[in-house]
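**Student:** The amino acid sequence is not available; the structure is as follows:
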């Protein structure tokens, strides 16, 4: 770790992330210049091997590993997949590994317990697999990984970490804004025109929609909300879903598939619901919880900038916009940030911060005791 902070380096970085949906590895080749500007040179999503993805989804939903050997093997398999994604990205961009200053690898979250495994607050942890040593060895590039655990060690949630990147690129002095990431879980970065940046998870975005669609139709996700459009919202089911106590918790807060998964839905079904009505109701749940959180935490918001895979679900965006008539809901693409690769770009930015000895977290977001340099550096 650098002994003292220095100016962030200008040049090429790679950011890698597989989110809570585990629907693919997002890889972004990013060029930073000296005045903190950034450009997405190339972004690609690489599919997981089917059996590996199935195990990642099961673990992310709270399932137990079969053995320590399985966890060790997954750690290597994930690292290999991330390394292969990096090399494929660089090959397509005609960029040699030696031209890249560092890789920022988020890894794959298999368990996120910032409140402790027993919800007692005494042993908080977050765990992302994907061995940084192996990525660095295979790519020959300095790699920064394991970003979240330092923030948790400092009393924070270790999430969300992307708000610092959002603040650097999307803040406006003229209006209160919110950046809404619609991944498996939805989370906000609140960017008031004046005042501190905040951020937190709001609950499910795509994770329940994807899981229910896969169960009923076999596809990994509900393309453009077409299946939800076939159903009708079930008011009684929606009310039972909204009774979940987690939704009422104040920030800072974070969550994942271990909280919101198929069994969570099944426990709230009365029986006899049409599957397409459940899908429509889950979509409305995502929209309502996203909107309620914003009205509670930053009611003066006039612009919501959406990113993440959920941006491709037009029906979900329409439902969110209907719940937030006082705000404009639009894509980060309108501000020069490809919504599919904002998070991957953020981990390139976080790697750049780490190499410069600069903090990557925002205590006002995560609840940590102070700013911290995040992650561990694995020399290439």
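**Tutor:** Alright, I've got the coordinates. Bear in mind the structure is a predicted one, so any value in this text is a computation, not a measurement.
**Student:** Nearest residue to residue 191 in space, please, no chain neighbours.
**Tutor:** Of all residues not flanking residue 191 in the chain, residue 177 sits nearest, at 4.4 Å (CB to CB, 6 or more residues apart in numbering). For every residue, glycine as well, the C-beta is placed using N, CA and C.
**Student:** Output the contacting helices and strands for the one helix or strand residue 45 maps to.
**Tutor:** Residue 45 is part of strand 38-46, with elements assigned from DSSP states H and E. Secondary-structure packing of strand 38-46 (3 or more CB pairs under 8 Å, 6 or more residues apart in numbering; DSSP states H and E): strand 25-32, helix 68-93, helix 342-355.
**Student:** just the strands in the stretch 201-350 of the chain please.
**Tutor:** 303-307, 328-331 (DSSP state E, counting those that start in this stretch).
**Student:** nearest to residue 195, of those strands?
**Tutor:** strand 303-307 (15.8 Å; CB to CB).
**Student:** Quick one: mean pLDDT for the closest one?
**Tutor:** Strand 303-307 shows an average pLDDT of 97 in the prediction.
**Student:** same deal with stretch 212-232?
**Tutor:** Mean predicted lDDT for stretch 212-232 stands at 94.
**Student:** what's the closest non-adjacent residue to residue 194?
**Tutor:** Using CB to CB, 6+ apart, the closest residue to residue 194 is residue 173 (7.7 Å).
**Student:** what's the neighbour count on the one you found?
**Tutor:** 6 (other CB atoms under 10 Å).
**Student:** hang on, it packs against residue 191?
**Tutor:** No. With contact defined as CB atoms under 8 Å, residue 173 does not reach residue 191; the gap is 10.3 Å.
**Student:** ok, back up a step: can you give me every residue that contacts the residue nearest to residue 191?
**Tutor:** For residue 177, the contacting residues are 170-171, 190-192, 301-305, by CB atoms under 8 Å, 6 or more residues apart in numbering.
**Student:** Local confidence estimate at it?
**Tutor:** The predicted local confidence for residue 177 is 98.
**Student:** who's it bridged to?
**Tutor:** residue 191, residue 303 (DSSP bridges).
**Student:** Can you pull out the low-pLDDT segments for this structure?
**Tutor:** 1-3, 35-36, 117-120 (pLDDT under 70).
**Student:** For the longest strand anywhere in the chain, name the packing helices and strands.
**Tutor:** Determined from DSSP state E, the single longest strand within the chain is strand 100-113. Judged by 3+ CB pairs under 8 Å, 6+ apart, strand 100-113 is in contact with strand 11-18, helix 50-60, helix 68-93, strand 125-129, helix 132-139, strand 143-145, helix 342-355.
**Student:** for those, which one sits closest to residue 28?
**Tutor:** Of the helices and strands packed on strand 100-113, nearest to residue 28 by CB to CB is helix 342-355, at 3.7 Å.
**Student:** about what we covered before: got the phi/psi numbers for the residue nearest to residue 194?
**Tutor:** phi -80, psi -10 (degrees, to the nearest 10).
**Student:** Distance check, it against residue 197.
**Tutor:** 13 Å (CB to CB, to the nearest Å).
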